[in-house]
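# Just need the structure, nothing else, for what follows:
(chains A and B, ligands or ions: 2)
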Amino acid sequence: MLKQPPLLKPEVRKYRPPGESFVWFTATGLSLGLVMILFLLGIIFVKGVDVFWPKKAALIELKPDSPAQIGPERFLAGVVTTVQEKIGGDSAALAESQKEWQLFVGNKDVYGYGFKYFDAAFIQKVSYPESLARIERLEYGDAFGYPVMIKLAAGQIRTAGQPGFIGELKRLVHESEKRWDKIRDIEKRQIGKINDRLEDLRLKEKSRTSQHGLEARSHRELIAQEAAGLQGQYQLLAQKAQELRKLQKQDLIVYRLASGEEKELPAGQVLGFYFPNQLNWAGRAGLFCKRVFQYLSDAPREANTEGGVFPAIFGTLVMTVLMSLAVTPFGVLAAIYLREYAKQGFFVRAVRIAVNNLAGVPSIVFGVFGLGFFVYFVGGSIDRLFFKEALPTPTFGTGGILWASLTLALLTVPMVIVATEEALAAVPRGMREGSLACGASKWQTIQRIVLPASAPGILTGLILAMARGASEVAPLMLVGVVKLAPTLPLDGTFPFFHLERKFMHLGFHIYDLGFQSPDSEAAKPMVFATTLLLIGLVVVLNLGAIIIRENLRKKYSTGAF
Amino acid sequence: MTEKDDDMEIMEQERQKPRERHFRQKTEEQADISAERTEVKEPFNPLIEVVNYNFFYGATQALFDVDLTMPEKQVTAIIGPSGCGKSTLLRSINRMNDLLDNAYHRGDIRIREQSIYDAGLEVTELRKRIGMVFQKSNPFPKTIYENVVYSLRVAGQNNKTVLNEAVERSLKAAALWDEAKDRLDESALSLSGGQMQRLCIARAVANRPEILLMDEPCSALDPIATAKIEELMYQLKKDYTIVIVTHNMQQAARVADHTAFFYMGRLIEFGETKKMFMSPDKKQTEEYITGRFG
Ligand SMILES: Nc1ncnc2c1ncn2[C@@H]1O[C@H](COP(=O)(O)OP(=O)(O)OP(=O)(O)O)[C@@H](O)[C@H]1O
Ligand SMILES: [Mg+2]
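Numbers count the residues shown, from 1 in each chain, chains lettered A, B, ... in the order given. Ligands and ions are numbered 1, 2, ... in the order given. Modelled structure (predicted):
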C-alpha cells in the first residue's frame, strides 16, 4: 500500500507563494492612506472639540520691570494657548530659556489685542486663583478679571465680599438675556412684518401710478392711509425697542483686570460668566455641553468669530435637501433612458463619456454657469415677468438658495447618472425576462422590478452626490452664499419657503473665518469647530442614507450588489 | 427500516403515481386505437404553428427552417442535445428573443392562425396569453404573494379576493401551497431552489394563460417535486397547451403526448411520443433516445 504524504508539511511551504510581496505592497499603500486620513480627522476632532472645553485661567506674575507688563500691575491673566520655542531670539535675557508663551488675555477693548506673546524668562510665578472670572461679552470677546461691584440703576451698590453678590450677578445676566430676546423679537419679527407690508403697499402704489381717474385716486388714498397706520405701529415698536435697549445699559458691572485697570460694563453686554478655576470636572462638562449647544443654535456675532453657526447649518441642510430633490429625479430619469430605452450605439456611448467628463469639470465652472444661466438669465426673466414692481432691486435675479441648489444639482448629476446606470445594469436579466413574460410592459418592468431592485445602488450614488454637494464651496460663492445672512431661507412669514433668499453655508463659513476674518487668531478655533461640524453633518447625511439603503437592501436583496 | 429508506420509498411511490396514471391513459388510448385505428382519443387541433422558422444570434444561426405544429391542450416535449436550439425556439414563441440586440428571425410563428408578429397584436397581450417558466428560476425580490399575483397586478387587477383566489389556486397547482401558505408575506428569496422554481410555475399559471412554456422546469428539483410538477402538467393540460423542454427522456416519455427532437438547430423528427420512443423514423433520434450520443 502506498503511503500518503502528509498534506501541507511545513517544509513544503519553504518558498513564498508568488504575489505575496505584492500583497504587502498594496497593504502598505492602503495603510498609508488610512493613516493620513485618520491623522487629519484626528487633528480636526481634537482641535474642534477643544474649542468648547473650558480651560483654566492662569494668573501670571511677571518679574519686575519686564517689557511684557501691559498695565499698572505686574500681572497677566488668561488661558495659555501655546508654549513654544522662540524663533530668532538672541537677547541676553533669553539665555536660560528659549521658550515663549502665548496667552489668550481677552479684554480686547482695553488691550487692543486678544493674544499676547511673551518670553518664559519674564515669568516669576504662575497661579490659578479661584476668584478670577471669565466674562463672556456681546462685544470685544471674553474678558478676564475679578468682579468688584455692581452698580444698580437705583443707585444701590453691591460689592464683591457681600453675601449674595454672585446671585445678584447671575440675576442681572439672566434679565439682560431675556431683554435681548424681547428686543430681537420686536426688531426682527414684528418690525420685519410691518416692513414687509409697507413694501407690499409701496409696490401696489407703484403699479397703480400709471392709472388715472377717481378710482385710482381713492385707491391711492386708501393705500396712504394704511401706510400711515403701519408707520405709526412701526414708530411704537421702535420706541419700545429703544426703551429696552436703554434698560440694557442701566446696570453696571465693575471688574478689575489682572493688569490693574478697572472696567465698567453694562449688564446688557454680558452673556455669561464663570470662574474657570473653581470648576470641577462635572462643571466643565456641563459648561462644555452648554457651549456646544449655543454654538449649534445661535447666530454668529463679531464678524462670525463669536457666537454660533446655526444659520450656516440650516442653510447647508436646506440647500443639500433641495439639491437632492432636484438631482434625484433628473439623474435617475436620465440614467433610465440611457440604460433601458436608448439604443446602445455610438451616440449613447458619446453621451456616457460626456457625462463622465462632466464629473471632472472644475466646480467653479459650474458656479460661473449657474451665475450666468440660473441667476442672470432665468432669475432675470422671472423678475421681469413676475416681480416687475420691485425692479431694479432683483428678487430672483440675484444669487439665492434655489439657484445654488440647482447649480449643485448640475454639478452632482453625473454621479447620480453613473451610479444609477450601474445599478440598473446589475439587475439580473432573468428578473426582467420574468416580468416581461408575465405580460408586463417595459415601463411596468422598470417601475415594479428594476427600480426597486436597483434602489440601493441608486442611493449610493445619491449619498456620494449629497456628500459632495454639502461640502462644495467654490460655485456657491457665485450663486448665493453670503458671509452673514439676515434671514433664514425657511421661516414663519408667508410663503414660509423663501427660495430667493441668500443663505449661509458651513463650507463658505470655514473659508470666511479662516481667510477673510480681521482677527485670524480669534477665528482659528472656530475654523476647527466648523470644519468638525461640516464633516459631522456630511457623516450624518450619509449615515441616514446608508440606513435607508440597508433597509431597502434587506427588502430587495438580489445578491446583485 | 431506517428513516432514509422510508423517505426513499415515499419518493418512489410518488414517482410512480404520474407514470401509472399516464400509463393508464395510454392503455386506454391504445385500446381505442386498436378498436378503431383512425380514431385518436385526443384530437390533434393545431394551436402553435412554427412555419419555416430561422433564428440568428448575430452571425450565428441557432434555428434552421423549423416547421412544427403543436396541438392544443396537449403536452409537447422538445428534446435534443445541449445547444441545439430548444430554448431559442421556446423563447421565440412568446417573443422573448425580441429583447436581444442583434438577434433576428426569418419565417413565422402562428398561434390560432394569427402571426405572433402581427402588427395588431400587442406583445404584452401575447405574453399574457403565454406563461413561461425559465430554465433558471427567477423569482422577483418581493413577497411570495406578490410574486404569484404579479401578472394580475400588471394587468391592473387589484381586487383582493381575486388575488387571494389566484394565489391559492396557483400555489396549489404548483404544489407549493402547503409549504408556503403560512409565509406568503415572506420574501420569495427565502425559499429553497426547488421551491423557487415551483413559485415561478405558480407565477406563470396565475393569470390562466392559454399556453405554458416550460424550459427544463425540473432541472433543479428533487424527485418528489419533479413528480408533483409532472402531475401538475397532467392536470394542467386539460386547460392549457404545454410546451416543455427537457433533458430527461423518461420525463418526456411520461408527460408528453408529442415529442420534437432537435439536433444542431434543425428539427429532426416530430411525432407522437409513444411512437417516437418505440420506433423512431430517424437513426439520430434513436441514438439520442437510447443514450448512445448527446
Ligand atoms: N443570447 C445569445 N447570444 C448568442 N448566442 C446564443 C444566445 N443564446 C443562445 N445562443 C446560442 O444559440 C444556440 C442554441 O442555444 P439554446 O439556448 O437555444 O440551446 P438549448 O438547446 O436550450 O441548450 P441547453 O439544453 O443547454 O439549454 C447555442 O449554440 C448557443 O450558443
Ligand atoms: Mg436551454
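# Up against ligand 1, what does chain A have?
Applying CB under 6 Å from any ligand atom, one finds that chain A does not approach ligand 1 at all. Heads up, the C-betas are built off the backbone N, CA and C, glycines and all.
# how does chain A divide into domains?
Chain A resolves into domains spanning A:58-142, A:157-283, A:312-555 when parsed by automatic domain parsing.
# Pull up the distance across the shortest one, start to finish.
By CA to CA, to the nearest Å, the extent of domain A:58-142 from end to end equals 15 Å.
# tell me how far it is from the chain's mean position?
32 Å (CA atoms, centre = their mean, to the nearest Å).
# where does the chain have low pLDDT?
Using chain A here. Across chain A, the ranges flagged by pLDDT under 70 are A:1-19, A:87-97, A:206-216, A:303, A:389-391, A:492-494, A:556-561.
# you looked at the wrong chain, it should be chain B
Confidence mapping of chain B against pLDDT under 70 gives the ranges B:1-42, B:293-294.
# Tell me where it has strands.
B:46-57, B:60-71, B:75-79, B:103-111, B:114-115, B:130-133, B:211-215, B:241-245, B:258-263, B:266-272 (DSSP state E).
# among these, which is nearest A:Ile186?
Closest to A:Ile186 of the strands of chain B, according to CB to CB: strand B:130-133, at 73.9 Å.
# is any part of the closest one close to chain A?
Yes: applying CB under 8 Å from any CB of the partner chain, one finds strand B:130-133 touching chain A at B:Ile130, B:Gly131, B:Met132.
# buried residues in that strand?
For strand B:130-133, a neighbour-count test (16 or more other CB atoms under 10 Å in any protein chain shown) marks B:Ile130, B:Gly131, B:Met132, B:Val133 as buried.
# partners of it, with directions?
Paired neighbours of strand B:130-133 in the sheet (DSSP bridges): strand B:211-215 (parallel).
# Can you name every helix or strand that the helix or strand hosting A:Thr531 contacts?
Using DSSP states H and E, A:Thr531 maps to helix A:520-555. Applying 3 or more CB pairs under 8 Å, 6 or more residues apart in numbering or on different chains; DSSP states H and E, we find helix A:520-555 packed against helix A:20-50, helix A:310-336, helix A:451-471, helix A:506-515.
# that older thread, so can I have a markdown table of the domains of chain A showing distance to B:Arg153 and mean neighbour count?
Listed next are the domains of chain A as a markdown table, based on distance: least, CB to CB, whole Å; neighbours: other CB atoms under 10 Å in any protein chain shown:
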| stretch | distance to B:Arg153 | mean neighbour count |
| --- | --- | --- |
| domain A:58-142 | 64 | 16 |
| domain A:157-283 | 51 | 15 |
| domain A:312-555 | 8 | 19 |
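# got JSON lines for those domains, with distance to B:Ser92 too?
Output for the domains of chain A, formatted as JSON lines (distance: least, CB to CB, whole Å):
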{"stretch": "domain A:58-142", "distance to B:Ser92": "81"}
{"stretch": "domain A:157-283", "distance to B:Ser92": "70"}
{"stretch": "domain A:312-555", "distance to B:Ser92": "13"}
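# so what's the residue nearest to B:Lys282 when sequence neighbours are not counted bridging to?
Using CB to CB, 6 or more residues apart in numbering or on different chains and skipping residues adjacent in sequence, the residue nearest B:Lys282 is B:Glu269, 5.0 Å away. When bridges are called by DSSP bridges, B:Glu269 pairs up with B:Phe261.
# what about B:Glu269, how many residues close to it?
20 (other CB atoms under 10 Å in any protein chain shown).
# again with A:Gln294
The tally of other residues near A:Gln294 (other CB under 10 Å) stands at 16.
# same deal with the one 3 residues further on?
Here the neighbour count serves as a burial measure; for A:Ser297 (other CB under 10 Å) it reads 11.
# Report the contact partners of it.
A:Gly308, A:Phe310 (CB atoms under 8 Å, 6 or more residues apart in numbering or on different chains).
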